[in-house]
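A.B. asks: Have a look; sequence and predicted model below, questions after that.
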Amino acid sequence: VPHPHWFYRISKFTLPFINNPYVPETFFLNEVKQPVNLNDYVLKPLFSFAGMGVVIDVTQADIDAIKDPENWILQRKVNYAAVIETPDEPAKAEIRLFYFWKNDWPRPVGVHNLARLSKGKMIGTRYNKDKEWVGGSVAFFEQ
């Protein structure tokens, strides 16, 4: 994907169309018809970087303040378990997988990953700036 705006649009834009037990339930904000328990969801802009604009503890006032709901999603919260031992307190982990898919390939091929450790409310720099043993790296797997 040639430009960050397209990457963020594609990666978040596809979520409401995926129905899988391993993908958090996601709705375009402008398509939410029934009331939902906002405590169970996060509010995310389609265009964001490093968690900017994400609202973790969503209120109705947050939703009412959105001027362009077609550019936002409500996504069911994922509760990451703090299972990685570190010198001060356990950390949460997220591993993002990166794939290439050339036109003549039958399926995408995993080529890289990003492993992120967090001790904050969210995986990302804003919630970890005063924490130790957090950040991003590559994860290695045994075959």
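C.D. replies: Now that the structure is in, tell me what you want to look at. Numbering: from 1, shown residues only.

A.B. asks: could you point out which element follows the lowest-mean-pLDDT helix or strand in the chain?
C.D. replies: Taking mean pLDDT, DSSP states H and E as the measure, the helix or strand of the chain with the lowest value is helix 4-13, at a mean of 63. Next helix or strand after helix 4-13 toward the C-terminus (DSSP states H and E): strand 26-28.

A.B. asks: tell me the mean pLDDT for that following strand?
C.D. replies: Per-residue pLDDT values over strand 26-28 give a mean of 95.

A.B. asks: which residues make contact with that strand from outside it?
C.D. replies: 15-16, 18, 36, 69-70, 72-76 (C-beta atoms under 8 Å, 6 or more residues apart in numbering). C-beta: built from backbone N, CA, C; applies to glycine.

A.B. asks: Quick one, which of those residues are buried?
C.D. replies: The neighbour count (16 or more other C-beta atoms under 10 Å) marks 15-16, 72-75 as buried among those.

A.B. asks: Dump the contacts of strand 26-28 into TSV; add pLDDT as well.
C.D. replies: Formatted as TSV, those follow (pLDDT from 0 to 100):
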residue	pLDDT
Leu15	88
Pro16	92
Ile18	90
Val36	83
Pro69	95
Glu70	94
Trp72	95
Ile73	94
Leu74	96
Gln75	95
Arg76	94
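
A.B. asks: which of these lies closest to Phe141?
C.D. replies: Among these, Ile18 lies closest to Phe141 (C-beta to C-beta), at 24.1 Å.

A.B. asks: Quick check: bridge partners of the closest residue to the closest one other than its chain neighbours?
C.D. replies: With sequence-adjacent residues excluded and distances taken as C-beta to C-beta, 6 or more residues apart in numbering, Ile18 is closest to Thr26, at 7.7 Å. Legend: beta-bridge partners of Thr26 under DSSP bridges are Gln75.
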